[in-house]
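Novice: Task: produce atomic coordinates for the following.
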Amino acid sequence: MTLYEELKRRGLIAQVTNEEEISKMVNEGKAVFYIGFDPTADSLHVGHFMALCLMKRLQQAGNRPIALLGGGTGMIGDPSGKTDMRKMLTPETIRHNVDCFRKQMSKFIEFGEGKAMMVNNADWLLSLNYVDVLREVGACFSVNKMLSFECYKQRWERGLTFLEFNYMIMQSYDFYMLFQKYGCNMQFGGDDQWANMLGGTELIRKKLGKDAHAMTITLLTNSEGKKMGKTEKGAVWLDPEKTSPYDFFQYWRNVGDDDVIKCLKLLTFIPIEEIEEMERTLEGAALNTAKERLAYELTAMIHGKEEADKCLDAARALFGGAKDTSDMPTTEISAAEIGDGINILDLLIKTELAPSKSEARRLVTQGGIAIDENKVTNPSALVAIDDSIIIKKGKKVYHKAVRV
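Specialist: All right, here's what the predicted structure looks like:
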């Protein structure tokens, strides 16, 4: 089985410009490809993780990845998949976020001489002259064609700014520059980037008379078609300070029954034959084993085997009824705040198990909260914490509150 065949078998490939050429290049290790990462936050998240996995797969087969950090495009913001304009970031914030991305990627992808490259499009985009861009690049783009793409259509009714309208041109210019500077012959990205990627291949063809290729990967969505990687607390981050290894593990341990095999295929490096064998027997205890395997593999990749082992032990202790809670997410609360008892709604907000009092009230009144295995349904209840307590939300989320 070739690498390209495996990518298809795993369900990774969504759209390609020329399947025969792309499969040949990928299989022979001749692809110099880039994936762009706009630094919209100070950590990569689960959505980026899938792209990193693809980079790693192709690098292992001899292809050369380029991680393009969007220090320039981050100044504009991609309208794809957005109903409103992105928040404008300051140059200082963008530079800080770029530095954070560099550190995280270096733990996952091999960078260095003859290996993967990491470049920043600020190096060429921020020095461009507006009139030169209009003359050199603007003439290669049809406004009518651009407006026909879904990434612009979905913003049309709410209002599309001229700022965002230029994003496709900037991303296309990235591909054009990478093609010339580094021999980059292919761009990979999420399926929502298809229009932007086609813009790059067209620009290279019109300006240089050369062929370049694009391939989109399947978006990470659940069985209901919603993007994965979001919780009540927000995004699932790769930074352990923003999403703890335990919470990261628990996110994957608790994926929907219909999503576990897809996630194993898309995100792990478990042999596809082994995953397909799991799929044939996926019921009962085997389903829980598959979810546990998914959570362990992904946590080990991001946070290391030692953290993954601790998360696995903690999860098994909880579900097995054991008392070891040393690795459980914990919130310390001062004795002054607790007093004779802390209101259950305030406790849920303090531990970040609920984002607001209204959501906390809903959880309590609907029977979704238990303290030390005792269900709490009164939103006015006071919770005494003499030493520590275990809060259980739903069936699978546990949190320890400690009096200090």
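Novice: hey, let's count contacts and neighbours off CA atoms from now on
Specialist: Noted.
Novice: Tell me which residues touch Val397, please.
Specialist: Counting by Cα atoms under 8 Å, 6 or more residues apart in numbering, Val397 makes contact with Gln250.
Novice: now the helices for the stretch 1-150 of the chain?
Specialist: Applying DSSP state H, counting those that start in this stretch to the stretch 1-150 of the chain gives helices spanning 3-9, 19-27, 46-60, 91-106, 122-125, 130-136, 143-147, 150-156.
Novice: from these, which stretch is densest packed?
Specialist: Comparing these by mean neighbour count (mean count of other Cα atoms under 10 Å), helix 46-60 ranks first with a mean of 19.
Novice: Who does Asn343 form a beta bridge with?
Specialist: Asn343 has these beta-bridge partners by DSSP bridges: Leu382.
Novice: Next one: it, what pLDDT does it get?
Specialist: If you check Asn343, the pLDDT there is 90.
Novice: And for Gly256?
Specialist: pLDDT, Gly256: 88.
Novice: Make sure it is indeed in a strand.
Specialist: No - under the criterion used here (DSSP: H, G, I helix; E, B strand; the rest coil), Gly256 is coil, not part of a strand.
Novice: need the contact list for it.
Specialist: Residues near Gly256 by Cα under 8 Å, 6+ apart: Asn222, Ser223.
Novice: Over to it: give its phi and psi.
Specialist: The phi/psi pair for Gly256 (degrees, to the nearest 10) reads phi -60, psi 150.
Novice: got the helices of the stretch 1-150 of the chain as TSV, with mean pLDDT and distance to Asp38 columns?
Specialist: Below are these laid out as TSV (pLDDT from 0 to 100; distance: least, Cα to Cα, whole Å):
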stretch	mean pLDDT	distance to Asp38
helix 3-9	95	25
helix 19-27	96	25
helix 46-60	91	10
helix 91-106	89	8
helix 122-125	90	11
helix 130-136	82	21
helix 143-147	71	21
helix 150-156	63	17
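Novice: Out of these, the one nearest Gly394 is which?
Specialist: helix 46-60 (23.0 Å; Cα to Cα).
Novice: contact partners of the closest one?
Specialist: 26, 29, 35, 37, 64-65, 105, 108-109, 115-116, 189-190, 220, 228-229, 235-238, 266-268.
Novice: Which one of the helices of the stretch 1-150 of the chain lies nearest to Asp372?
Specialist: Nearest to Asp372, of these and by Cα to Cα, is helix 46-60 at 31.6 Å.
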